[in-house]
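In: give the three-dimensional model of this entry:
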Amino acid sequence: MSNVETAPDEMVCGEDTRPQRAAVEILTPRAVPLGGPRAMTVRRTLPQRQRSLIGAWCFLDHYGPDDVAATGGMDVAPHPHTGLATVSWLFTGEVEHRDSHGVHAIVRPGELNLMTGGHGVAHSEVSTPDTTTLHGAQLWLALPDAHRDTPRAFAHHAPAPVHLDGGIARVFLGTLAGDTSPVPTFSPLLGAEIVLEPRTTVALDVDPAFEHGVLVDTGDVRVGGDGVTPADVAAAELAYLAPGSGRLELINDAATPARLLLLGGAPFGEQIVMWWNFVGRTHDEIVAFRATWEDDPESRFGHVEGYVGPDGSTARLHAPALPNARIRPRG
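Out: Residues are numbered from 1 along each chain as shown. Coordinates of the predicted model:
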């Protein structure tokens, strides 16, 4: 998915150096129009001033349930990425993916599609004609400095459900509850969808070296862990837990099921610069990425074959103007 803001923030994102407390930190989303004639809106919880990374997870958009007949759904023309991998995860609906690696795939509920941008990639995303309701999440993973120039690639995985005592998990990255995803990553990570049964507590063994995030999709969940008092997390909020706890508690006190995404990773340990759809390390790199995309896109990002917009156009997205000032670190 593209960040289609016309004036995106430039951010230096890195490990939070503030003292960590044994408490759950709640991150609330901001609404961002995705684009299109009627503007589908997404809820963005990463990055933000309060926190920019959870492990290598550096971007999180959560959207839907979206009535495609009312909004026009998702139609994001070809756009670039550098220094990151995109993770697409759907709850409802389907999205057609095309990229400059030559991949043409359909993103379906419960199936991971991971595209590695690395040195440079371009792709388009369009909700399929049969989709009436679109509901899911789009996430980015920052690539470590040693791997951020890696060639573009694509991986697909449909994880089998893992039955928990009080719920079901689908592990799409990393290891949880005895299940391991076969999809390789460039840093230690965890990604899973979990559905909690009504009036239940699910306790999970997790890596104490990881920081974790819990995005609540539906329902109201309480999140806690070893030495961490459970905190209420409402739908669309993202709960953050610092490293140190080897046990995670997910509590659903309601009479209906709750659904969430569990994200985790070792603290990234590097600063990154994010602007529009690029991840780099310096302001000058971002300037160079933008110039290449505008002036000679195929030299670095390749060509997306087969995209046709709703008006019959095959045009790519153009990058917004850079801010006048150089990057200033935040947080």
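In: list of residues touching the biggest helix by length in the chain?
Out: Longest helix in the chain by number of residues (criterion: DSSP state H): helix 283-295. Residues outside helix 283-295 that contact it (CB atoms under 8 Å, 6 or more residues apart in numbering): 10, 80, 82, 120, 273, 275-276, 278, 280, 299-301, 318-319, 322, 326-327. C-beta: built from backbone N, CA, C; applies to glycine.
In: just those: which are in helices?
Out: Filtering those for helices - DSSP H - leaves Ser299, Arg300.
In: now the buried members of the contacts of helix 283-295.
Out: The neighbour count (16 or more other CB atoms under 10 Å) marks 10, 80, 82, 120, 273, 275-276, 278, 280, 300-301, 319, 322, 327 as buried among these.
In: min pLDDT across these, which one?
Out: Scanning those for pLDDT, the low point is Glu10. It has 60.
In: show me what Asp54 is bridged to.
Out: Residue 54: Ile, not Asp. Trp57 (DSSP bridges).
In: pLDDT weak spots in the stretch 1-150 of the chain?
Out: Along the stretch 1-150 of the chain, the model assigns pLDDT under 70 to residues 1-22, 35-39.
In: how about a cut-off of 50?
Out: Applying pLDDT under 50 to the stretch 1-150 of the chain picks out residues 16-21, 37.
In: could you pull out the helices for it?
Out: 68-71 (DSSP state H, counting those that start in this stretch).
In: so where do the strands sit in it?
Out: According to DSSP state E, counting those that start in this stretch, the stretch 1-150 of the chain carries its strands in the segments 11-13, 25-27, 30-35, 40-46, 57-67, 75-81, 84-92, 95-99, 104-107, 112-116, 121-127, 133-142.
In: can I get these in a markdown table including distance to Pro310?
Out: Listed next are those as a markdown table, based on distance: least, CB to CB, whole Å:
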| stretch | distance to Pro310 |
| --- | --- |
| strand 11-13 | 32 |
| strand 25-27 | 34 |
| strand 30-35 | 12 |
| strand 40-46 | 13 |
| strand 57-67 | 16 |
| strand 75-81 | 6 |
| strand 84-92 | 21 |
| strand 95-99 | 13 |
| strand 104-107 | 18 |
| strand 112-116 | 22 |
| strand 121-127 | 9 |
| strand 133-142 | 15 |
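In: quickly list what the most centrally placed residue in the chain is bridged to.
Out: Nearest to the geometric centre of the chain sits Leu139, at 1.0 Å (CA atoms, centre = their mean). Taking DSSP bridges, one finds Leu60, Val87 as the beta-bridge partners of Leu139.
In: with Leu241 instead?
Out: Bridge pairing for Leu241 - DSSP bridges - gives His212.
In: residues contacting it?
Out: Val24, Glu25, Glu211, His212, Gly213, Val214, Val223, Gly225, Val228, Leu248.
In: switch to 10 Å and redo it
Out: 20, 22-25, 54, 206, 210-214, 223-226, 228, 231, 248, 264 (CB atoms under 10 Å, 6 or more residues apart in numbering).
In: measure it to Leu204 for me?
Out: From Leu241 over to Leu204 the distance is 12 Å, taken as CB to CB, to the nearest Å.
In: now the common contact residues for those two.
Out: Here Leu241 and Leu204 have His212, Gly225, Leu248 as joint contacts, going by CB under 10 Å, 6+ apart.
In: show me the contacts for the first one.
Out: If a contact means CB under 10 Å, 6+ apart, then His212 has 24, 54-55, 190, 204, 206, 223, 225, 239-243, 245, 248, 262-265 as its contacts.
In: and it, how far is that from His163?
Out: Distance, His212 to His163, by CB to CB: 21 Å.
In: cool, Val202 as well?
Out: The spacing between Val202 and His163, counted by CB to CB, is 11 Å.
In: show me which of those two is the more surrounded one.
Out: Per other CB atoms under 10 Å, whichever of Val202 and His163 has more neighbours is Val202, with 21 against 9.
In: surely the more buried one and Gly224 touch.
Out: No. Under the criterion of CB atoms under 10 Å, Val202 makes no contact with Gly224, lying 11.5 Å away.
In: show me whatever sits in contact with both of these two.
Out: With contacts defined as CB under 10 Å, 6+ apart, the residues adjacent to both Val202 and Gly224 are Leu248, Glu249, Leu250, Ile251.
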